[in-house]
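> Sequence and predicted structure, then a few things I'm wondering about:
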Number of protein chains: 2
Amino acid sequence: MGKTDWKSEAKSLKKELKAMKTAPEAPVKKAKPVSPLAPASFPDLPLVRGASFAAAEAGVKYQNRKDVMLIKLDPGTAMAGTFTRSTTRSACVRDCQQKIALPSKDGAAIIVNSGNSNAFTGKRGEASVKAITEGVAKALGLPASRVFSSSTGVIGEPLPHDKIVAALPTLVDGLTEDAIAMAAQAMMTTDTFPKGAAATIAGEGGPIHIAGIAKGSGMIAPDMATMLVYIFTDAKIPQATLQKLLSRNVDATFNSITVDSDTSTSDTLLLAATGQSDAAEPKGAVLKAFEQALSEVMLNLAHQVIRDGEGATKFVEINVTRAASPDDAARIAFAIANSPLVKTAIAGQDPNWGRIVAAIGKSGAMADRDRLTIKFGDILVAEKGWRNPKYREEDGAAYMLQPELQISVDIGLGRANRKVWTCDLTNRYIEINADYRS
Amino acid sequence: MGKTDWKSEAKSLKKELKAMKTAPEAPVKKAKPVSPLAPASFPDLPLVRGASFAAAEAGVKYQNRKDVMLIKLDPGTAMAGTFTRSTTRSACVRDCQQKIALPSKDGAAIIVNSGNSNAFTGKRGEASVKAITEGVAKALGLPASRVFSSSTGVIGEPLPHDKIVAALPTLVDGLTEDAIAMAAQAMMTTDTFPKGAAATIAGEGGPIHIAGIAKGSGMIAPDMATMLVYIFTDAKIPQATLQKLLSRNVDATFNSITVDSDTSTSDTLLLAATGQSDAAEPKGAVLKAFEQALSEVMLNLAHQVIRDGEGATKFVEINVTRAASPDDAARIAFAIANSPLVKTAIAGQDPNWGRIVAAIGKSGAMADRDRLTIKFGDILVAEKGWRNPKYREEDGAAYMLQPELQISVDIGLGRANRKVWTCDLTNRYIEINADYRS
């Protein structure tokens, strides 16, 4: 036998180790079924130069799984963010809001834990944020004003921040550009799958990459932002432009989804642009393409949150057209999307369009019975204030068997449109939430 | 053996027959369990002179049960009403609204069917209302403008009004002053028990009676009125006063309950004053006592609707105090009462007060984390932006085992208070509503 080729063996071992380190873990509890609406697998996200990721087991609440993740962003990164408007939002959300628009040439960091939301934890919660962000700042040689933290999980319990601080050396040690999937996994709570989405566009001088991750399953009715979402790009974009791009795309994406009408205290969306692409700063047509790609990544992540809605078996698009005003279009769309009676009918695969009529009626928006049109997919169900005479209940019933549904409502009064996305309301939602803390 | 005493036998038979005719029937399906929050029995309602009742089997949708009821009101009766503000409200609601304030010396009638709501039934629905009200008018010798109709049940299906018209002779024949319980029974849909409440006050010259009945279980989030509610009094009260008394008590009673945040297309509350009491027209202190008694009857019926909330196992009072404005107090109270996460936690007997914090936060009302106080019954759970250090989770958990719960939220910002009532959200709600039409 010849000499062992240690080099190639080392290479192969290194590869194996890396694969183990960066692969999404198996679901936390074997008993927890993955949503039937989940994508086939976690997508292959492009590397974003200047962003590196790590996750670790801090034992905040969950045992034997990674529950804290750290993201390091190189100097020159521009940060933008939108946040929940809840008046009882968490200490970390308030802290992020104070820091997000501060000008800085320094790098930045994001630290996220699952298992405890640090919301309604008073002064103690603020002290926890301080301890964590200062710990990260020290470990990475950053000012604390550049460390953004998020916490997700139970509300009102003191956050054991010392456990997170204790995990920092492991986290810093593990930072690598290709561990974004592991970071997505570490922030899951009632989620049944990690969520990721990406896009690549041609910039001037080289490609520009966008990669994003999200968590969210229940307490989903975003208001200005949503859940925990982190999006990264290597584009060279100044902070003010980045914030503008983010803000103007949030209404049609994250602010257009609802699982249960319950707005979270932790909603946080951060967008980081490292500027390390070879491409020049996007302008004109490239900037437009970038915004379009960013918006698609945001919508993709938002849809994945609905696909992982607690107990969901149906992914439902509500498409409201020709309402009297944008506000009316949104009211009608969300009245339908949040109606427990509409959602339970969908769970029962019952084409109960009368409940859609009732939801429109209660929305408070202008509506005229005789101008309404309602469709399931391409099936015309009702128009002119009455059921379409050609509509057959069995067609509606057959349509409802599909896992992805579109309900279209034409108000016929104006020019405002709104699409929102929701899921059905099933026994599983009740089971998950009746014993969430036990 | 002596001669048969035919007279006493006839008397006894008549009594037995009457008892059979007027007793509430057994629940429609034996499998349908009565709500655990139901009162022990239907109350003994006082006769209201000038009002008579009948019920019959018309077979609108349900078989082998009474599904239509008729109420005849003598000449001199003043009518008042409040109705849903839903823009998709039913044809009968619209018809009632047109008639309610018309001056008249004639008697009046109310006809109600269950099994079909005649909502979103277009011109055909309006024709049905016309056929029914004109049929009743003809049968009772009244102008059609004095016949008020209600329909409750599935939305969007044509109402087979001919079946109701065909039942009119039986109904007219059966009219009797003491069949109000049977009328309450005939309008049930998903209700598990008939709902009645009454009060008697001392008028000048004799007693004044109030007796009311209601139906309601799901699609309960009244807006200006609720479900189907009919209240009768023998008081002599002019129409304008009657309407004022009704309107100003509806916010604190029927407009303060919610089962599922879904406002009905059929909500109707009618109050009829026959004027046949021996008492003089109530004025001053008597009028005040009358209003108080009326308000109590309304609140009692509203509470019974919550006690029969679809799938309910808990009756919950949400008591919001010291909000910045009445609108803020209502927003906060309903945000809590309608939160699926709060309602499922209650179903799971979980003292998950963090979800109450989240609901306050999403309400849009002014709130300051550090001024909030939250109590379960007398148990101080949280104050000053943080969990009460003396609060023990096991105390909260023990409290949640009770069937009747009070959640108190003090906002500490102003002087506006609001109480609302709701129930929990259970698997049974999903079961009832996922296959309501099948």
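Structure's in. What do you need?
> Tell me the pLDDT of the nearest residue to A:Glu126 once chain neighbours are set aside.
Leaving out its chain neighbours, the residue that sits closest to A:Glu126 by C-beta to C-beta, 6 or more residues apart in numbering or on different chains is A:Ala91, at 4.9 Å. Heads up, the C-betas are built off the backbone N, CA and C, glycines and all. A:Ala91 is assigned 90 on the pLDDT scale.
> Would you mind naming the helix or strand containing A:Met69?
Assigned by DSSP states H and E, A:Met69 belongs to strand A:68-73.
> repeat for A:Thr344
According to DSSP H and E, A:Thr344 maps onto helix A:340-347.
> Now do that helix: everything it contacts.
For helix A:340-347, the surrounding residues in contact (C-beta atoms under 8 Å, 6 or more residues apart in numbering or on different chains) are A:313-314, A:316, A:336, A:351-352, A:355-356, A:358-359, A:400, A:405, A:422-426, B:218-219, B:260-262, B:340, B:425, B:429-430, B:433-434, B:436.
> So which of those residues belong to helices?
Secondary structure from DSSP state H places A:Ile336, A:Arg355, A:Ile356, A:Ala358, A:Ala359, A:Met400, B:Pro340, B:Tyr429, B:Ile430, B:Asn433, B:Ala434 of these in helices.
> Neighbour-wise, which one of those residues leads?
Greatest neighbour count in the ones in helices among the contacts of helix A:340-347, by other C-beta atoms under 10 Å in any protein chain shown, goes to A:Ala358: 31 neighbours.
> List the contacts of that residue.
A:Ser339, A:Leu341, B:Ser86, B:Thr88, B:Ala119, B:Ile155, B:Met219, B:Asp262, B:Thr263, B:Ser264, B:Thr265.
> What ranges does the stretch 101-250 of chain A have for its strands?
Listed in chain order, the strands of the stretch 101-250 of chain A (DSSP state E, counting those that start in this stretch) span A:108-116, A:147-154, A:195-203, A:206-215, A:228-233.
> among those, which is the most enclosed?
strand A:228-233 (a mean of 29; mean count of other C-beta atoms under 10 Å in any protein chain shown).
> who does it pair up with?
Strand A:228-233 sits in its sheet next to strand A:206-215 (antiparallel), strand A:268-273 (parallel), going by DSSP bridges.
> Show me the shaky parts of the stretch 101-250 of chain A.
A:220-227 (pLDDT under 70).
> go with 50
Residues of the stretch 101-250 of chain A meeting the criterion pLDDT under 50: A:224-226.
> Residue of it nearest chain B, please.
For the stretch 101-250 of chain A, the residue closest to chain B is A:Ile155, as judged by C-beta to the nearest C-beta, at 2.7 Å.
> Looks like that residue contacts A:Ala91 (just checking).
No: the criterion here is C-beta atoms under 8 Å, and A:Ile155 misses it with A:Ala91 at 11.5 Å.
> Around A:Val381, count how many other residues there are.
Around A:Val381 there are 23 residues (other C-beta under 10 Å).
> Who are the contact partners of it?
A:Pro351, A:Trp353, A:Ile374, A:Lys375, A:Arg387, A:Asn388, A:Tyr391, A:Gly396.
> With distance to chain B and neighbour count as extra columns, can I get these in TSV?
As requested, the contacts of A:Val381 are exported to TSV (distance: C-beta to the nearest C-beta, whole Å; neighbours: other C-beta atoms under 10 Å in any protein chain shown):
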residue	distance to chain B	neighbour count
A:Pro351	9	24
A:Trp353	6	24
A:Ile374	9	24
A:Lys375	14	20
A:Arg387	6	22
A:Asn388	11	15
A:Tyr391	10	18
A:Gly396	11	18
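> Which of the ones in helices among the contacts of helix A:340-347 sits closest to B:Pro39?
Set against B:Pro39, the nearest of the ones in helices among the contacts of helix A:340-347 by C-beta to C-beta is B:Tyr429 (20.7 Å).
> need the contact list for the residue nearest to that closest one when sequence neighbours are not counted.
In this structure, B:Tyr429 finds its nearest non-sequential neighbour in B:Gly311, 3.5 Å apart by C-beta to C-beta, 6+ apart. For B:Gly311, the contact set (C-beta under 8 Å, 6+ apart) comprises B:Cys423, B:Asp424, B:Leu425, B:Thr426, B:Asn427, B:Arg428, B:Tyr429, B:Ile430, B:Glu431, B:Ile432.
> One more: A:Ala51?
A:Ile71, A:Lys72, A:Leu73, A:Asp74, A:Thr77, A:Glu177, A:Ile180, A:Phe232, A:Asp234, A:Ala272, A:Thr274.
> Helix or strand: which one has A:Ala80?
Taking DSSP H and E as the definition, A:Ala80 sits inside strand A:78-83.
> Count the residues that sit near A:Asn319.
Look at A:Asn319: counted by other C-beta under 10 Å, it has 16 neighbours.
> One more: A:Lys236?
Residues within reach of A:Lys236, counting by other C-beta under 10 Å, total 19.
> Then A:Ile432?
Each residue near A:Ile432 was counted by other C-beta under 10 Å, and the total is 18.
> Local confidence estimate at it?
Model confidence at A:Ile432, given as pLDDT, is 82.
> OK, contacts around it?
Shown in contact with A:Ile432 (C-beta under 8 Å, 6+ apart): A:Thr190, A:Gly218, A:Glu310, A:Gly311.
> Equivalent analysis for A:Ser277, please.
By C-beta under 8 Å, 6+ apart, the contact set of A:Ser277 is A:Arg49, A:Gly203, A:Gly206, A:Pro207, A:Ile208, A:His209, A:Thr233, A:Asp234, A:Ala235, A:Lys236.
> Regarding chain A, what is its longest helix?
Assigned via DSSP H, chain A shows its longest helix as helix A:284-307.
> Name the residues of it that are buried.
Neighbour-count burial for helix A:284-307 flags A:286-287, A:289-291, A:293-307 (criterion: 16 or more other C-beta atoms under 10 Å in any protein chain shown).
> Does anything pack onto that helix? Which helices or strands?
Packing partners of helix A:284-307 (3 or more C-beta pairs under 8 Å, 6 or more residues apart in numbering or on different chains; DSSP states H and E): strand A:195-203, strand A:206-215, strand A:228-233, helix A:239-250, strand A:257-258, strand A:315-323, strand A:416-423.
> any chance of these in a markdown table, with distance to A:Gln98 too?
What follows is the helices and strands packed on helix A:284-307, written out as a markdown table (distance: least, C-beta to C-beta, whole Å):
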| stretch | distance to A:Gln98 |
| --- | --- |
| strand A:195-203 | 27 |
| strand A:206-215 | 23 |
| strand A:228-233 | 18 |
| helix A:239-250 | 15 |
| strand A:257-258 | 27 |
| strand A:315-323 | 36 |
| strand A:416-423 | 31 |
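> Restricting to C-alpha, output the longest helix of chain A in CSV.
Presented in CSV, the C-alpha positions along helix A:284-307 are these (Å, rounded to 0.1, in the frame of the first residue of the first chain):
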residue,chain,number,x,y,z
GLY,A,284,-31.1,53.9,-13.1
ALA,A,285,-32.2,50.7,-14.7
VAL,A,286,-29.9,48.6,-12.4
LEU,A,287,-31.4,50.2,-9.3
LYS,A,288,-34.8,49.4,-10.7
ALA,A,289,-33.8,45.8,-11.3
PHE,A,290,-32.3,45.7,-7.8
GLU,A,291,-35.5,47.0,-6.2
GLN,A,292,-37.6,44.5,-8.2
ALA,A,293,-35.3,41.7,-7.1
LEU,A,294,-35.4,42.9,-3.5
SER,A,295,-39.2,43.1,-3.6
GLU,A,296,-39.4,39.5,-5.0
VAL,A,297,-37.1,38.2,-2.2
MET,A,298,-39.3,40.0,0.4
LEU,A,299,-42.5,38.6,-1.1
ASN,A,300,-41.0,35.1,-1.3
LEU,A,301,-40.1,35.1,2.4
ALA,A,302,-43.5,36.6,3.3
HIS,A,303,-45.2,33.8,1.4
GLN,A,304,-43.1,31.2,3.2
VAL,A,305,-44.3,32.6,6.5
ILE,A,306,-47.9,31.9,5.4
ARG,A,307,-46.9,28.5,4.1
